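# For reference, the sequence and a predicted model appear below.
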Amino acid sequence: MRFHQEQLDALDLTVHCAVHANAGSGKTSVLTHRFLKILAETQTPMDKVVAITFTRAAAAEMKERIHRRLVDLLRSPEARAEFAHSGSDEIFVKNIRSWVNECGRSRISTFHSFCSSIIRQYADELNIDADVRDIEEQEASMLAAKAVDMAMANALDPQSPLHDETLAVFDDVSISAATDLVMRMARSRTFCALLNERTAEDETAWLHRQHQAVLSVMKGLAIDMLHEVIEGVADYSHIVPFDSLDEQIRSAIDEAKNADNQRAVDIAVSTMSSWFTQTGTILAPKAKLDVSGAAKEFVLPKQTYTTYVTLKKISWDDDRELRLLRLLRILATIGQMASEKYTQLKRDRNGIDFDDMIGLAIELLEKEEVAQAIRSGISYLMVDEFQDTDPEQFRLLSLLVPALAGRDIAGPNIFIVGDDKQSIYGFRDADVRLFRRATQAIKHANLKHGEDDGYRPLSRSYRMHQDLCSMVNTMCVRIFGSVEAPSPEDLLSYDVAYAELVAGITAPTSSALGTCSVVVDEHDELDAVARTIVQILNGSIERNIATFDRDSGEWLVRPPQPGDIAVLLPKNELVQNMADKLRSYNVPFQMHGGRAFFTRPEVSDIRALLTTCVDPSNDLAVATLMRSPYLRCTDAEITAAALTGRRSSLRDGLAQYVARGSASPALVEADRLLETWGTRILTMQIPEFVRSAQDDVRWHETIAKDDRRDQILANVEKTIDIIRSTIDGTGAGIHDAIEALVPPDVDREKEGELVAESDAVQLMTIHAAKGLEYGIVVLAGLNSGGGTSQTILTDQLGFTFDLPAQAAKIETPSELEKMPDVLTHDMNKVLDKKRAEAESRRRLYVALTRAKMHIVISFEMSDPIEKGKALAKMLATALYAPGAKIPFQIITPDEEVERYTDGRSARTEYVVVDHIPAPPPTLISPSAMMRSHTSDEPYQDADGSSSGGMIYGTAIHDALSGVITKFTGMSDEALTSEIVRALSMHDLDRTVALDAVTEILALLESSLLTSHTHHLSTARLETRLVGALNQIVFQGVMDVRFHPNDTTIEIWDWKTNNVASSDHLESVAAEYQIQMCTYAWLCLRSYPECSTVRTRLVFTKAASKGLHKIDHVQEWKREDMEEMEGAMMEAVKK
């Protein structure tokens, strides 16, 4: 690979490295190459190289990139020549082959997976079971909520000693604020310990410490205010009396810096009082000194004079602060109870959550003997996306890498890479300051042993058109330049310095490339955005896409497609609103994120179906289900049933109304189905139950005419995946499955996968867009501000919340009196606001740098600087700043724009074809899709073995699904045990079961599987894809699916046919031609970036018989889709 000098510097293995990488700078390529460089040039074993990132998807991508590069090295002597390896090329090739085989077991993982592995390795040290289960976030949230409910219920029990105190808490604290604190204690062992320590402090000592901390914050606030005054009068400093003002303010700053906290505040307030009114104007006597009249017109920035007013009026009140402490003590007691109950619930399930994984790993590393042993197993440690690190993760790394803690002892070489301007996950406790702190630690560690401090910037961006790059820089310089960048040693400021992007590409230039546009609509902003998108797609607003063709070395320019466009919004609620607008203009779209998915009708219907079956008294669920496509009752019919059951429940009313004999056919059928489903759900797996209910009502036909049909089908499959992941292997039941479908408070989909339209506008929050890139990025809804939290936690003042501003007078309870402010919380709000503003600047940077060719910015008012809020005001101030000279264009979308059409024919009524079934393992029974490709006579096994039939095939499939992604890391005993456990769930004779074990083990030991361990470790199993062709909806379930590279998908399908030879295998494989064709078509249709699908039929018995050939491979190309569709439709007809 070709690297420029900055990237080459970042590949240095001789020092610890802190890489600060701008958006689109190729950091992943550097990280991947560095991993290979370590293997090739240092002879370090692969298992002593550790790479940590923050999501499973990112870890899987890194493994995939490394595997792909290793394969490329095998094929290319030129690529191998890039590495300064010792020894001959023959030896290097041998090593590479070894690394290819090891790649699937490489130590590339998330923080939590890394911790989980060392916890199991040292389980005895921690006194836990080695087979302890990792509890996923969704399950952890449910358990924690249950623990909090139990703790609250115990505290409010009339027999509890906490009863009266807990009731008194709710006089001053909202239930949501109290629950927030208790939940935080339950979920975080560190926060629980911190709050218990703080609230156990002597009241006098606590008051003194908090008062001094508040004064320290106020001193900083006062000095910042004085600096803002200097900036505000800079243009007038040569005019009387501003020259004197400038001099006095500077003198006050110097004096305040050297004074104690209280004195510094007094100096600042006194200086301001001698010059300004509380509305920010200059006092009249001072203003008269200015003959030019400028002083009479001058007004301080609102933020500055607001700070002045705040500092002038606030005062400390011991009683109010003590009330806060005492409330915290009661809540901390309840929180400790919740923490203990949560721990017990996890123990009952033999599980540990993410917080446990980090905490237990830290506990291990605090034992120096264990820490040395763990460190000795790691030579190189690399951490990606370091700006997203939270304090506990940083603590873990500091124990693992002595250099980060300032300890000059032996430890791993550390390489961190990230972009502090992209730190936007404060709500997950990510702390941008830790990147600054780690960078300083790395510099100091390196300078102890040489002159190279290890700081490595990657400034060049290969993502963005050079003209757009210049515009983004201009905006961001003003966005970030509105505050002073903190010094490298500053441990408190959340601000970051802006490092300008350097354009790394030179794309063609034209008025339709590399643009920034602004849309303003005060009536319906999102509708204006939708109309703008339609006009971009139909060409009436010209915005082209330029892509670089590596084969020809030329740029190709084309019109945009829906998939080139992403709309980024600040809040999840806006995603659904934007989707509604695009739908009204017939624009295909795909939504990502949080609550939006769980509130979609098809998801709510499944939640209602399950709820009704287990809780028939839930009238809301029953009514939702009756109105849904499952039961299709009218509002009048539902009302009739509800009136009949008004003394009991809607379900009882339905049964009674039907029993009278006067109910409509729809109500009679609804009653029958509800009775059937209520019994059936007790005997079936939940995913299979949902599918059976859909079959009962021919649900697919009911949605066939819906414009959202494809998306509905995909959403239902995702819902079933969520149910399956909730219950499989966890001991969870139907109530847990229902809970998993409740709209969450936070986004559960950050690593999700949604199959939707093959070419669709992408809708997501700014947070969800991080790490992605699009040809055209639209920023909308920017005036929508984030809500303020009732509870605040800061380093300086700890955890606080507000108390009621008024209270009843003791003498006259009917009258209210104003209560003093809680100064600690007021100052915490100031600190929190600064933190939020700093993160908002970074969110805008992330949003702007997702674009490759064009940015469209939408405002809902004509004057967003004066009237705007949140991100809108911040971005408008930079965009319209004097001297900015950003060549943006104003777009006024057509009010009468026609609905979008991409030339596809209108949809007609659809019928449904069931997913294409494989023939029985030992007797091919042609299906409707295969009849034209098989003979009339049954296809018999070659030797008539008894290990066949549908039950046997299902058993083999289930056993393989349980081990295929992890078999390389399992001991022989554990592997065999897992296979036997899976087979025991099926009705197999003992002899047949033993044959099945032998068959599976032989397959797992085959060269085919051992050479694909990397891909199999990250593969998706039993995934279902859906797609419509003409009047047919196809569904297919793929046993194994993975992506060998960015443009290829590989599908594996297990076959248990009793093949006798390689020739026999090929003849059997021919019978599955149409099935594989349809699987390939579904993949090509669902993944627009995919150009090739490789289908592989894997014959399990061929492996156990030792046949040389055990698989049949076929490739399908996107350019052949029309031919594939013809074959599929021909098979349907027959």
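Now that the structure is in, tell me what you want to look at. Numbering: from 1, shown residues only.
# Render the CA-only coordinates of stretch 626-633 in PDB, please.
Output of stretch 626-633 as PDB, limited to C-alpha atoms (Å, rounded to 0.1, in the frame of the first residue of the first chain):
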ATOM      1  CA  MET A 626     -57.700  -6.700  16.900                       C
ATOM      2  CA  ARG A 627     -57.100  -3.600  14.800                       C
ATOM      3  CA  SER A 628     -53.900  -5.000  13.200                       C
ATOM      4  CA  PRO A 629     -53.500  -7.000  10.000                       C
ATOM      5  CA  TYR A 630     -53.600 -10.200  12.100                       C
ATOM      6  CA  LEU A 631     -57.300  -9.900  13.100                       C
ATOM      7  CA  ARG A 632     -58.600  -7.000  11.000                       C
ATOM      8  CA  CYS A 633     -61.500  -6.000  13.100                       C
END
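# Which residues are in contact with Ala23?
Asp419, Lys421, Gln422, Ser461, Arg463, Leu501, Tyr845, Val846, Thr849 (Cβ atoms under 8 Å, 6 or more residues apart in numbering). Glycine gets a C-beta too; all of them are placed from N, C-alpha and C.
# One more pass at 7 Å, please.
Asp419, Gln422, Ser461, Arg463, Thr849 (Cβ atoms under 7 Å, 6 or more residues apart in numbering).
# Verify the stated contact: Met861 with Gly868.
Yes. Applying Cβ atoms under 7 Å, one finds Met861 in contact with Gly868, separated by 6.4 Å.
# Looking at those two, which is more packed in?
Gly868 (20 against 17; other Cβ atoms under 10 Å).
# Distance check, that one against Phe859.
Using Cβ to Cβ, to the nearest Å, Gly868 is found at 7 Å from Phe859.
# Overlap of the contact sets of these two?
Contacts common to Gly868 and Phe859, judged by Cβ under 7 Å, 6+ apart, are Ala876.
# Where does Thr1095 sit: helix, strand or coil?
strand (DSSP: H, G, I helix; E, B strand; the rest coil).
# quick check: mean pLDDT across the longest strand along the chain?
Once the chain is assigned using DSSP state E, the strand that runs over the most residues is strand 1032-1045. Average pLDDT, strand 1032-1045: 84.
# ok, it: who's next to it in the sheet?
Here strand 1032-1045 is paired, per DSSP bridges, with strand 911-912 (parallel), strand 1020-1029 (antiparallel), strand 1048-1055 (antiparallel).
# Now do the buried residues in the longest one.
Buried residues in strand 1020-1029, counting neighbours by 16 or more other Cβ atoms under 10 Å, are found at Leu1021, Thr1023, Arg1024, Leu1025, Val1026, Gly1027, Ala1028, Leu1029.
# Wait, the fourth one touches Ser1086, no?
Yes. When contacts are counted by Cβ under 7 Å, Leu1025 is listed as touching Ser1086 (5.3 Å).
# Mean pLDDT per helix and strand in the chain: which one sits at the bottom?
strand 911-912 (a mean of 33; mean pLDDT, DSSP states H and E).
# which element follows that one toward the C-terminus?
helix 950-963 (DSSP states H and E).
# what angle separates that next one from strand 1020-1029?
Here the directions of helix 950-963 and strand 1020-1029 differ by 110 degrees (axes from the mean of the first three to the mean of the last three Cα atoms, to 10 degrees).
# hmm, who's touching the helix or strand following helix 950-963?
Sequence order places helix 972-983 as the next helix or strand after helix 950-963, per DSSP H and E. The contact list for helix 972-983, computed with Cβ under 7 Å, 6+ apart, reads Ala955, Asp958, Ala959, Gly962, Val963, Phe967, Ala993, Ala996, Val997, Ile1000.
# Would you map the strands across the stretch 451-600 of the chain?
455-458, 460-461, 502-503, 515-520, 545-549, 554-558, 565-569, 589-591 (DSSP state E, counting those that start in this stretch).
# Can you spell out which helices and strands pack onto the fourth one?
Counting contacts by 3 or more Cβ pairs under 7 Å, 6 or more residues apart in numbering; DSSP states H and E, the secondary-structure elements packed against strand 515-520 are helix 525-538, strand 851-859, strand 889-891.
# who does that strand pair up with?
strand 851-859 (parallel), strand 889-891 (parallel).
# These into JSON lines, with extra columns for mean pLDDT?
Output for the strands paired with strand 515-520, formatted as JSON lines (pLDDT from 0 to 100):
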{"stretch": "strand 851-859", "mean pLDDT": "97"}
{"stretch": "strand 889-891", "mean pLDDT": "94"}
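# okay, now the domains of this structure?
Split into domains by automatic domain parsing, the chain comes to 5-130+353-458, 141-348, 502-592+759-787+832-891, 600-740, 913-1133.
# and of those, who's closest to Pro804?
Closest approach to Pro804 among those is made by domain 141-348 (5.9 Å; Cβ to Cβ).
# okay, now the residue nearest to Glu525 when sequence neighbours are not counted: neighbour count?
Leaving aside its chain neighbours, Glu525 sits nearest to Glu860 (4.0 Å; criterion: Cβ to Cβ, 6 or more residues apart in numbering). Residues contacting Glu860 under the criterion other Cβ under 10 Å number 22.
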